[in-house]
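> Structure here, sequence nowhere to be found:
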């Protein structure tokens, strides 16, 4: 599924031409605060390459998110991660600051949950949130996830939220 549409967003499979928008997104210290910190353009290029490989390996991955007028709004994903030595399918999202507080994260998370329900076989879906990121915790709860436990992920203490079939 290369594309999907929500009420206010167009999602397209991540592509090399998305690099400039991703670089800008990852250079914003407020956006990157809960993502392990600001990424250099080179680190973002490596992130993009990893995302492209994920699509090739799994047929699912990261999408670039744009408003219907084409304005870049962020990125979202259904991707496989290793969470404390257990493979999990994760829902993830990151938005530009101007999109915060407008319900975009909830909108895209609900769309990703529907994709998981209709196109994926995994029995559950996780959301992993760095401790202190209350807005992302609220998004997951609104989308039907339940807090499961704390875990150590990407060198951070995180809350693990799960949605089961």
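Okay, I see it. In this text the structure is predicted, and so the values were computed from the model without any measurement.

> count of neighbours near the nearest residue to residue 117 once chain neighbours are set aside?
Nearest residue to residue 117 in three dimensions, chain neighbours excluded: residue 165, at 7.4 Å (Cβ to Cβ, 6 or more residues apart in numbering). Using the backbone N, CA and C atoms, a C-beta is placed for each residue, glycine as well. When counting by other Cβ atoms under 10 Å, one arrives at 10 neighbours for residue 165.

> Surely residue 165 and residue 118 touch.
No. Using Cβ atoms under 8 Å, residue 165 is not in contact with residue 118; the gap is 11.4 Å.

> pretty sure residue 19 is in a strand, no?
No. According to DSSP: H, G, I helix; E, B strand; the rest coil, the state of residue 19 is helix, so it is not within a strand.

> That one: what's it in contact with?
With contact taken as Cβ atoms under 8 Å, 6 or more residues apart in numbering, residue 19 is in contact with 44, 45, 48.

> try 10 Å
Listed by Cβ atoms under 10 Å, 6 or more residues apart in numbering, the contact set of residue 19 reads 41, 44, 45, 47, 48, 49.

> Could you name the helices and strands sitting against the helix or strand bottoming out on mean pLDDT in the chain?
Lowest mean confidence among the helices and strands of the chain (mean pLDDT, DSSP states H and E): helix 29-32, at a mean of 94. When contacts are defined as 3 or more Cβ pairs under 10 Å, 6 or more residues apart in numbering; DSSP states H and E, helix 29-32 sits against helix 19-27, strand 86-95.

> Save these as TSV, and put in distance to residue 2 and mean pLDDT too.
What follows is these, written out as TSV (distance: least, Cβ to Cβ, whole Å; pLDDT from 0 to 100):
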stretch	distance to residue 2	mean pLDDT
helix 19-27	17	97
strand 86-95	18	97
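
> Adding distance to residue 109, write these out as CSV.
Formatted as CSV, the entries for the helices and strands packed on helix 29-32 read as follows, by distance: least, Cβ to Cβ, whole Å:
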stretch, distance to residue 109
helix 19-27, 18
strand 86-95, 6
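
> Which secondary structure element is home to the residue sitting furthest away from the middle of the chain?
In the chain, residue 69 marks the outermost C-alpha relative to the chain mean, sitting 21.4 Å out by Cα atoms, centre = their mean. With elements delineated by DSSP states H and E, residue 69 resides in a region that no helix or strand encompasses.

> how close does it get to residue 11?
15 Å (Cβ to Cβ, to the nearest Å).

> and what of residue 86?
In terms of Cβ to Cβ, residue 86 sits 27 Å off from residue 11.
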